[in-house]
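A.B. asks: generate coordinates for the sequence data below:
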Amino acid sequence: MGARGLFGHALALRPQGRGDLGARMRRPLAELPRGPVVIVGSDIPELASSHVASAFAALGGHHLVFGPASDGGYWLVGVRRRPHLPRLFHGVRWSSKHALADTLAGLGARYRVALLATLEDVDDGASYRRWVARTRSRRCVSYPRPDRGLRRRSST
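C.D. replies: Numbering: from 1, shown residues only. Model (predicted):
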């Protein structure tokens, strides 16, 4: 099955499969062809291409990279996958303020981990209102549009 992405590139669609969030994220990390992989959340309106580029750059010197979310979770996970895929996502209390800490604790000291900027994911009405307030205070609003990428509109 194929689709057109935000920028007109063909994308292969893959079902998430069963399991908790960890099982669904681990699946593409294990199944995709060799090389670094970065997975991002779809509820991060302030996500920019520079964040993804920074994640891939960080994998040049680290085994893993995470984008911490302000609620204790994370909006990005990236893995170098060489020489093997680390054991990830076991014993994580998903959808809690402990998700990132649990994930990091499960890795142990063996892996070099980079952390990117903290961003806020929009999980509920309160986080949406905080995002709207931040964008209004900057006098511009970004609207995620699945058919045209991000569009900017002046608030004046």
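
A.B. asks: got the domain ranges for the protein?
C.D. replies: Here the domain parsing of the chain from automatic domain parsing is 21-120, 124-156.

A.B. asks: and the longest one, how far from the chain's centre?
C.D. replies: Going back to what we said before, that points to domain 21-120. 7 Å (C-alpha atoms, centre = their mean, to the nearest Å).

A.B. asks: quick check: end-to-end length of it?
C.D. replies: 18 Å (C-alpha to C-alpha, to the nearest Å).

A.B. asks: which one of the domains of the chain lies nearest to P15?
C.D. replies: domain 21-120 (9.3 Å; C-beta to C-beta). Where C-beta positions appear, they are placed from N, C-alpha and C, glycine not excepted.

A.B. asks: so for that closest one, what's the average pLDDT?
C.D. replies: Across domain 21-120, pLDDT averages out at 92.

A.B. asks: which residues of the chain fall in helices?
C.D. replies: For the chain, applying DSSP state H gives helices covering 21-31, 49-58, 99-107, 125-137.

A.B. asks: show me what the shortest one is in contact with.
C.D. replies: Residues from elsewhere that reach helix 99-107 (C-beta atoms under 8 Å, 6 or more residues apart in numbering): 64, 66, 68-69, 72-74, 77, 86-93, 113.
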